[in-house]
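J.: model this:
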Amino acid sequence: MSTRMRLLMLAALLLLCAATSLMAGAHWLSPVDIWHAVWMPSATNVEDLLIRTTRISRTVLAITVGASLAVAGGILQTLTHNPLASPGILGINAGALFVVVLIATFGGFGISWSPYAGAFLGAAVAAAIVWWLAMHRATSASPLRLILAGAALAALFSAFTQALLVIDQQGLDAALFWLAGSVSGRPLDTAWPLVVIAAIGLLLSAPLLRDLNVLSAGDTVAASVGVRLRRLQALAIGAIVLLAGASVALAGNIVFIGLIVPHIARRLLAADLRVWLPGAALLGAILTLGADIAARLLIQPGEIPIGVMTALIGAPLFIILVRRQRNAHV
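T.: Predicted structure coming up:
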């Protein structure tokens, strides 16, 4: 099967998952209900209100978060030459959670958008500090320095967060959403700026793919053919901050998407980043939507955090990939 056909199949599967997401829940809806809510909404129709105020929002957010984390993970794995790299390695998750808990501790949740802005700010500041540490007295950030700086800063932010949670119980209650991960209860009229930021991050990633392709062969090879490593690293880190920062701010700590999806995309599609990274965006959106649908259906009328579902789905997939990779080299 050709690569183009596989991409088309992934796009079709994403549309199917999106339609299922709009229909699925404690109260199942029909395709006719979806059509009516989208094109002929009524202010007095309960199904229309459910779809327009809840299910469209969580579907859009799941697609945005899944695609953004997958692309951010793919870029970071290429940038660091580390197949185990994920956005959290830059301290993005830990930085976002720390600022959210800090805001909650000082009673700053009176404004509806404050946790989103705080989480994104924390993610951006963490990534900026990691970049500065990795670049200190160097012409370019080595992959090892990026990883070590990110691990150290993540540990530091996590320690600060735990200290705040011990001091203030209110901060713990506010942090539960970001710790578990969820796309529910987040209206688009509040979250849309972060969706736009994630879209900008995806657009910024596109011009970098050619140079990242060369970089995948090694820093020395990339420098020898004229790739400006420092500029490429700065732009790539900027794209990762926009993508992962917006995702963490929207949905909290969603694990395994940024780690596992790039590996699946590379196995399904061509080795060219210009092919498998868009495929990773589709796969990330599909996996996140599927996890969200399963989270709604498994323990009705309750709901499992989507972060738990992505871990339950992603961990076995990753183990299977590792075993197959090992067998291929035996």
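J.: Look up how far G238 lies from the residue lying closest to L235 once chain neighbours are set aside.
T.: In space, and not counting its chain neighbours, L235 is closest to L208: 5.8 Å by C-beta to C-beta, 6 or more residues apart in numbering. For the C-beta atoms, the positions are set from N, CA and C on the backbone; glycine is no exception. Distance of L208 to G238, computed by C-beta to C-beta, to the nearest Å: 10 Å.
J.: Also V100?
T.: Between V100 and G238 the distance is 22 Å, computed by C-beta to C-beta.
J.: quick one, which of the two is more surrounded?
T.: V100 (29 against 18; other C-beta atoms under 10 Å).
J.: I figured that one hits A117, correct?
T.: No: between V100 and A117 there is no contact under C-beta atoms under 8 Å: 10.1 Å.
J.: re the thing from before, wait, what's in contact with the residue nearest to L235?
T.: I75, L232, L235, A236, A239 (C-beta atoms under 8 Å, 6 or more residues apart in numbering).
J.: now do T59
T.: Residues in contact with T59 (C-beta under 8 Å, 6+ apart) are A18, S21, L22, L289.
J.: if we take these, which one ends up nearest to V125?
T.: Using C-beta to C-beta, L289 is the member of the contacts of T59 that sits closest to V125, with 30.1 Å.
J.: Please name every helix or strand in contact with the strand or helix carrying that closest one.
T.: L289 is part of helix 273-297, with elements assigned from DSSP states H and E. Judged by 3 or more C-beta pairs under 8 Å, 6 or more residues apart in numbering; DSSP states H and E, the packing partners of helix 273-297 are helix 3-23, helix 56-80, helix 209-215, helix 257-268, helix 306-329.
J.: and those, which is most packed in?
T.: Greatest average neighbour count among these goes to helix 56-80 (a mean of 27), per mean count of other C-beta atoms under 10 Å.
J.: How far off centre is that one?
T.: Remark: helix 56-80 is offset 4 Å from the chain centroid, using C-alpha atoms, centre = their mean, to the nearest Å.
J.: just the angle between that helix and helix 306-329, please?
T.: 40 degrees (axes from the mean of the first three to the mean of the last three C-alpha atoms, to 10 degrees).
J.: now helix 56-80: mean pLDDT?
T.: Computed over helix 56-80, the mean pLDDT rounds to 92.
J.: Helix 56-80 and the helix or strand following that helix, what's the angle between them?
T.: Once helix 56-80 ends, the next helix or strand along the chain (criterion: DSSP H and E) is helix 92-105. If you take the same axes, to 10 degrees, helix 92-105 sits at 130 degrees to helix 56-80.
J.: between helix 92-105 and helix 257-268, how big is the angle?
T.: Interaxial angle, helix 92-105 versus helix 257-268 (the same axes, to 10 degrees): 150 degrees.
J.: Following helix 92-105 in sequence, what is the next regular element?
T.: Moving toward the C-terminus from helix 92-105, the next helix or strand (DSSP H and E) is helix 114-135.
J.: Okay, buried residues for the helix or strand following that next one please.
T.: With elements assigned by DSSP H and E, the helix or strand that comes after helix 114-135 is helix 143-167. Residues 143, 145-147, 149-151, 153-154, 156-158, 160-161, 164-165 are the ones in helix 143-167 that count as buried (16 or more other C-beta atoms under 10 Å).
J.: Mind giving me the packing neighbours of helix 143-167?
T.: So helix 143-167, by 3+ C-beta pairs under 8 Å, 6+ apart, packs with helix 56-80, helix 92-105, helix 114-135, helix 169-180.
J.: Can you report the mean pLDDT over the residues of it?
T.: For helix 143-167, mean pLDDT is 84.
J.: which secondary element of this structure has the worst mean pLDDT?
T.: Ranked by mean pLDDT, DSSP states H and E, the weakest helix or strand in the chain is helix 169-180, scoring a mean of 67.
J.: Report the residue spans of the stretch 101-250 of the chain with pLDDT below the cut-off.
T.: Within the stretch 101-250 of the chain, the segments meeting pLDDT under 70 span 107-112, 136-141, 169-175, 177.
J.: before we move on, back to that, want to try CSV for the helices and strands packed on helix 143-167, with distance to L243 as columns?
T.: Shown next, in CSV, are the helices and strands packed on helix 143-167 (distance: least, C-beta to C-beta, whole Å):
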stretch, distance to L243
helix 56-80, 4
helix 92-105, 10
helix 114-135, 10
helix 169-180, 17
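J.: So which of those helices is nearest T220?
T.: helix 56-80 (15.0 Å).
J.: that older thread, which of the contacts of T59 sit farthest apart?
T.: Pairwise distances across the contacts of T59 peak at 10.4 Å for L22 and L289 (criterion: C-beta to C-beta).
J.: outside of stretch 2-15, which residues touch it?
T.: Under C-beta under 8 Å, 6+ apart, the answer for stretch 2-15 is I63, L268, L269, A270, V275, P278, G279, L282, L283, A285, I286, L289.
J.: switch to 7 Å and redo it
T.: L268, L269, A270, V275, P278, G279, L282, L283, A285, I286 (C-beta atoms under 7 Å, 6 or more residues apart in numbering).
J.: Kindly report the same for stretch 119-126.
T.: 90-92, 94-96, 98-100, 153, 157, 178, 194, 241, 244-246, 248-249.
J.: same check, this time on stretch 273-281
T.: Contacts for stretch 273-281 (C-beta under 7 Å, 6+ apart): 3, 7, 10, 67, 70-71, 74, 78, 209, 212-213, 216, 261-262, 265-266, 268-270.
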